[in-house]
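Chemist: fold the following for me, if possible:
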Amino acid sequence: MERQELIDTIKEKRSFLCVGLDTDINRIPEEFLQHDNPMLAFNKAIIDITSPYCVAYKPNTAFYEQYGSEGWKTLEQTLEYIPNGIMKIADAKRGDIGNTSRQYAKAFFDNLNADALTIAPYMGRDSVQPFMEWKEKWTVLLAVTSNEGSADFQQQQLKTEELLYEKVVKTAMNWSDSEKLMFVVGATAGEHIRRVREMAPDNFFLVPGVGAQGGSLSDVATKGMTADCNLLVNASRSIIYAKNSANFEDAVRSACEKLQREMEQLLSARGVI
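Modeler: Residues are numbered from 1 along each chain as shown. Next up, the predicted model:
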């Protein structure tokens, strides 16, 4: 997916919502357990409900890989079911020596036809560069994440007085451009969002942590939104598990509508739409 196509979709849908398909079979409504493939049936239902409101989907591959080849097949079928024009982000957090990274890229970009892949950058340029060789595919580098442990390494101060994640972002900006390089910036990262935006003024941010993790959508927009938006805010549990009972469809739809309305207001206030 090209950058301008993503921007146009955001403006058309008045939304920058990414729905996380982190499907846990122990949390889905019982009605889906009657299907031959409960996870796939649930994912299809979620996609049917949420596709009018979102511009991207992000399945975390661990929820599928745990089931071996059958889980991988479910991931493949889930990605195939996502409508055209909506970005498919494989949240796999890969990264290895160059030749190995190239095989990962083939697996996700060629075989699964994902539009984007999350990458751990800490092995350096040669571990990241292979992912950038694919046309119209996005490399989504971990910058500063929303988990508590992000302070252990990402926010450590170097001798240069910059933080480690700042060094990562500054260095990665020399590897590619805003047409195919995106950064993961957690919604709970506070002022770090503003700092990454200063270093990467035109790059898209994939922002987890809004919803169940307590991040503020308004705060993210204030610190990270640009004239083209350049934000994909992910919500997983707060949407797909909005209600684990009968009529769950209404709860999921309501959760999406609420986020979309707030996003529309923020886009309008910034002059994006």
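Chemist: okay, CA-based contacts and neighbour counts for the rest of this
Modeler: Will do.
Chemist: just the strands in the stretch 51-200 of the chain please.
Modeler: With DSSP state E, counting those that start in this stretch as the criterion, the stretch 51-200 of the chain has strands at 56-58, 87-94, 116-119, 138-144, 181-185.
Chemist: closest one to M173 among those strands?
Modeler: strand 181-185 (8.2 Å; Cα to Cα).
Chemist: so which bits of the closest one are buried?
Modeler: Neighbour counts over strand 181-185 (16 or more other Cα atoms under 10 Å) mark L181, M182, F183, V184, V185 as buried.
Chemist: which ones are touching C18?
Modeler: By Cα atoms under 8 Å, 6 or more residues apart in numbering, the contact list for C18 reads C54, V55, A56, Y57, K58, L232, V233, N234, A235.
Chemist: so which of those residues is the closest to T100?
Modeler: T100 has its nearest neighbour among the contacts of C18 in K58, at 22.8 Å by Cα to Cα.
Chemist: that older thread, need the max-distance pair from the buried residues of strand 181-185.
Modeler: L181 and V185 (13.0 Å).
Chemist: so in the protein, which helix runs the longest?
Modeler: When the chain is parsed with DSSP state H, its longest helix is helix 248-270.
Chemist: wait, which of the buried residues of strand 181-185 is closest to K44?
Modeler: Taking Cα to Cα as the measure, K44 lies nearest V184 of the buried residues of strand 181-185, at 26.0 Å.
Chemist: please export the C-alpha coordinates of the lowest-mean-pLDDT helix or strand in the chain as CSV.
Modeler: Lowest on mean pLDDT, DSSP states H and E among the helices and strands of the chain sits helix 150-153, with a mean of 83. What follows is helix 150-153, C-alpha atoms only, in CSV (Å, rounded to 0.1, in the frame of the first residue of the first chain):
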residue,chain,number,x,y,z
SER,A,150,10.4,0.0,27.7
ALA,A,151,12.3,2.0,30.4
ASP,A,152,14.8,-0.9,30.8
PHE,A,153,16.6,-0.2,27.5
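Chemist: what distance separates that helix from the centre of its chain?
Modeler: Here helix 150-153 is found 20 Å from its chain centre; the criterion is Cα atoms, centre = their mean, to the nearest Å.
Chemist: buried ones in that helix, by neighbour count?
Modeler: Of the residues in helix 150-153, S150 count as buried by neighbour count, 16+ other Cα under 10 Å.
Chemist: and A251, what does it touch?
Modeler: A242, K243.
Chemist: nope, R253 is what I meant
Modeler: Neighbouring residues of R253 by Cα under 8 Å, 6+ apart: I49, T50.
Chemist: picking that back up, tell me the one among the buried residues of strand 181-185 nearest to V168.
Modeler: When the buried residues of strand 181-185 are compared against V168 (criterion: Cα to Cα), the nearest one is F183, at 10.3 Å.
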